[in-house]
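Colleague: how would this look folded up:
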Amino acid sequence: MRRSSKTNVVNRAIQEAEYIIENNCTIRKAAEHFKMSKSTIWRDLDVYIQKDSLLYQQVRAILDKNFSERSKRGGQSTKEKYKLLK
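Modeller: Sure thing, here's the model as predicted:
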């Protein structure tokens, strides 16, 4: 019997969520690991992981933390870039 494509997508979303939790990584790092676009990863997590599940809450906490640190990381990156150019 053939598995439905929705089941495959849900399983993929669970794998992506578990990877983000285990590695405490960003959407970009997860997309790089799974060789997908960050938009696909984001959609998988947002649509196919149930919003009331513990898995979703754990992933959401990591993504919220990354979002709040985004400007700090960008500033540090720019600082290092110009340091190398000198």
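
Colleague: pLDDT averaged over the longest helix seen in the chain - what is it?
Modeller: Once the chain is assigned using DSSP state H, the helix that runs over the most residues is helix 54-85. The average pLDDT within helix 54-85 is 81.

Colleague: list the buried residues of that helix.
Modeller: Within helix 54-85, the residues scored as buried using 16 or more other C-beta atoms under 10 Å are 55-56, 59, 62-63, 66. Any C-beta I mention is one placed from the backbone N, CA and C, and that applies to glycine too.

Colleague: dump those to TSV, plus distance to Thr7.
Modeller: Below are these laid out as TSV (distance: C-beta to C-beta, whole Å):
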residue	distance to Thr7
Leu55	16
Tyr56	18
Val59	20
Ile62	25
Leu63	24
Asn66	29
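
Colleague: which residue is nearest the centroid of the protein?
Modeller: Ile27 (2.7 Å; C-alpha atoms, centre = their mean).

Colleague: right, and that one touches Ile41 too?
Modeller: Yes: in this structure, Ile27 is within contact of Ile41 by C-beta atoms under 8 Å, at 5.4 Å.

Colleague: pLDDT on stretch 9-20, on average?
Modeller: On average, the pLDDT along stretch 9-20 is 93.

Colleague: only alpha carbons, please: show that stretch as CSV.
Modeller: C-alpha atoms of stretch 9-20 as CSV (Å, rounded to 0.1, in the frame of the first residue of the first chain):
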residue,chain,number,x,y,z
VAL,A,9,5.3,15.7,4.6
VAL,A,10,4.2,15.3,8.2
ASN,A,11,7.0,12.8,8.9
ARG,A,12,9.5,15.2,7.2
ALA,A,13,8.3,18.1,9.3
ILE,A,14,8.8,16.0,12.5
GLN,A,15,12.3,15.1,11.4
GLU,A,16,13.1,18.8,10.8
ALA,A,17,11.7,19.8,14.1
GLU,A,18,13.7,17.1,16.0
TYR,A,19,16.8,18.2,14.2
ILE,A,20,16.3,21.9,15.2
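
Colleague: now do the buried residues in that stretch.
Modeller: Here stretch 9-20 shows 10, 12-14, 16-17, 19-20 as buried, counting by 16+ other C-beta under 10 Å.
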